[in-house]
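Peer 1: fold the following, please.
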Amino acid sequence: MSEPKNTNPSLDLKNMDAAQLSSVLSEHQNSLIKLVLVVLTLFMGAAIFNTHSAREHSLQKKISEAQQKLEVIKTRESSLADLNGFKSTLPKRMNEFELVGAISKLAKAQGINVISISPAQSKDMGLYDVITINFNGESESFKGMLLFLRKVEKFSFPLRIDSWSGHEDDNKKINFILQINAVLIHT
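Peer 2: Predicted coordinates for the structure are as follows:
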């Protein structure tokens, strides 16, 4: 019996010569073209996908940065509104002379005779100034003097009585000396 002849030449890459390679390529020419087209299509698809993915990532990053900037702007605007609201609650700014006049009016309204009143010193503390005012007054009664002291401490402007000394004179009037601190907030 004879062996059947193999019509399909076997591909032995080690022993293949140019003639065999040429015959195999011409026999499978359509398959090779299809294979090359499929591989090229896959590479082009991958390249297009990578380009699209990179663009999408870049766009997402820009959107995220824009959202962060928008949040910062909103926070800043909110903070400025809060600051302006806070500043509107602060007492109106007064200079030293207006402050001396206001204390003098308080004294007269309470029946206190003003002997002397003067700003002693002003100290800049950065965000605010502290003014020390020396006040010398006379009251008909101890009760009148206490009412004046309460009015000073409850004044619409931030005032504080730092020191007080007094005595009753021969005419039964109360002479007293106050050292008052006022805070002038820089706005």
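Peer 1: where does pLDDT dip in the protein?
Peer 2: Under the criterion pLDDT under 70, the flagged ranges of the chain are 1-16, 91-94, 120, 187.
Peer 1: which stretches of it form strands?
Peer 2: 113-124, 128-139, 159-168, 174-185 (DSSP state E).
Peer 1: let's have those in TSV, adding mean neighbour count and distance to residue 77.
Peer 2: Heads up, the C-betas are built off the backbone N, CA and C, glycines and all. Formatted as TSV, these follow (neighbours: other Cβ atoms under 10 Å; distance: least, Cβ to Cβ, whole Å):
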stretch	mean neighbour count	distance to residue 77
strand 113-124	13	31
strand 128-139	18	26
strand 159-168	13	35
strand 174-185	18	23
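Peer 1: between these, which one is nearest to residue 52?
Peer 2: strand 174-185 (58.5 Å; Cβ to Cβ).
Peer 1: and the residue nearest to the spatial centre of the chain, how far from residue 83?
Peer 2: Nearest residue to the geometric centre of the chain (Cα atoms, centre = their mean): residue 76, 5.7 Å. Note on residue 76: its distance to residue 83, by Cβ to Cβ, to the nearest Å, is 10 Å.
Peer 1: how's this structure carved up into domains?
Peer 2: Domains of the chain are assigned by automatic domain parsing as 18-89, 96-185.
Peer 1: point out the most buried one among these.
Peer 2: Here the criterion is mean neighbour count by mean count of other Cβ atoms under 10 Å, and of the domains of the chain the winner is domain 96-185, at a mean of 15.
Peer 1: show me what contacts the residue nearest to residue 110 when sequence neighbours are not counted?
Peer 2: Using Cβ to Cβ, 6 or more residues apart in numbering and skipping residues adjacent in sequence, the residue nearest residue 110 is residue 148, 4.1 Å away. For residue 148, the contact set (Cβ atoms under 8 Å, 6 or more residues apart in numbering) comprises 106-107, 110, 112, 137, 139.
Peer 1: dump those to CSV, plus distance to residue 176.
Peer 2: Formatted as CSV, these follow (distance: Cβ to Cβ, whole Å):
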residue, distance to residue 176
106, 14
107, 11
110, 12
112, 9
137, 6
139, 7
